[in-house]
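S.K.: I'd like to go over a predicted model; first the sequence, then the structure.
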Amino acid sequence: MKEPNKTGLTTAITAVILSLLCILLVVILPGFYLFLAQNLLHFAGVESVAIKMTFGSAILGLVESFVIGYIIGYLFSYINIKISKK
């Protein structure tokens, strides 16, 4: 983890892959997705906050996943380098 950029890109790509799997789950098995979301988020009214996914919202979600994943990976590596030097 001596290169924050590589760690950031690796984390970003991983986040996009996981997001693609989530998108597929929503498209193929929407009822199962709502069941999982309800259990994960610990509330019963998940249907009321569920949105209709469009192609545009899926692409936006992938972009957001990439950016957030990159930032997390970069910061993780950068902080790890700084802590390791002490």
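M.R.: Received the coordinates, thanks.
S.K.: mind naming the longest helix for this structure?
M.R.: In the chain, taking DSSP state H as the definition, the longest helix is helix 55-85.
S.K.: with adjacent residues omitted, what lies nearest to residue 6?
M.R.: The shortest distance from residue 6 to any non-neighbouring residue, by CB to CB, 6 or more residues apart in numbering, is to residue 77 (7.8 Å). Any C-beta I mention is one placed from the backbone N, CA and C, and that applies to glycine too.
S.K.: any idea which helix or strand carries residue 5?
M.R.: helix 4-28 (DSSP states H and E).
S.K.: mind showing which ranges of the chain have poor pLDDT?
M.R.: 1, 42-51 (pLDDT under 70).
S.K.: rerun at 90
M.R.: 1-2, 22, 25-27, 29-54, 57, 85-86 (pLDDT under 90).
S.K.: hang on, the earlier thing: any buried residues in the helix holding residue 5, and which?
M.R.: 4, 7-12, 15-16, 19, 22-23, 26 (16 or more other CB atoms under 10 Å).
S.K.: show me what secondary structure element comes after that helix.
M.R.: helix 30-41.
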